[in-house]
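Colleague: Based on what follows, work out the 3D shape:
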Amino acid sequence: MNAARGGSHSFPLLHIGGVAPQVTGWSGRVLQMGNWVAVCKLDDIVPNTGVCAMVCGQQVAVFRLDDDSVYAISNQDPFSRANVLSRGIVGDIKGEVVVASPVYKQHFSLKSGQCLEDAAISVRTFPVRLEAGVVWVEPQDNN
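Modeller: Residues are numbered from 1 along each chain as shown. Model prediction:
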């Protein structure tokens, strides 16, 4: 756990728009705290963009805003079925922080996962937290 709390380990860099490697400690194991999984350092995400991380076998789109708040949603666009939401454009529609899918351009709330254009559609959201400059995501059941 020392690495996640500012130890000497260097975290792997993310490839923006690609699948991010999970943060590993000196032993090569994925860093976990209870159910929470460390996915990257906050500084590895450019403000107002997203990255994709594999969290317990699930593709999760993790977004950082200008104010350093972080959000995590499923990376799969429910309309195209492509895993692309981490590559979408982050913005604001009537006070709602959203990401626009790069495929068909639907907007998804980063807070609730709700599609703004189709109330019947939403994407899964994931609990996310920032601790000591590290972004942690809590995996959810696939149900």
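
Colleague: now Ala38, which residues is it bridged with?
Modeller: On the basis of DSSP bridges, Ala38 is bridged to Trp136.

Colleague: my bad, Thr49
Modeller: Taking DSSP bridges as the rule, Thr49 bridges to Arg64.

Colleague: Number of residues surrounding it?
Modeller: A count of nearby residues for Thr49, using other C-beta atoms under 10 Å, gives 18. Where C-beta positions appear, they are placed from N, C-alpha and C, glycine not excepted.

Colleague: Please apply the same query to Leu116.
Modeller: Neighbour count of Leu116, defined by other C-beta under 10 Å: 15.

Colleague: Need the nearest residue in space to it, chain neighbours excluded.
Modeller: Spatially, and ignoring its direct neighbours in sequence, Leu116 is nearest to His107 (4.3 Å; C-beta to C-beta, 6 or more residues apart in numbering).

Colleague: Pretty sure that neighbour sits against Val90.
Modeller: No: between His107 and Val90 there is no contact under C-beta atoms under 8 Å: 10.3 Å.

Colleague: Now the common contact residues for the two.
Modeller: Val98, Val99 (C-beta atoms under 8 Å, 6 or more residues apart in numbering).
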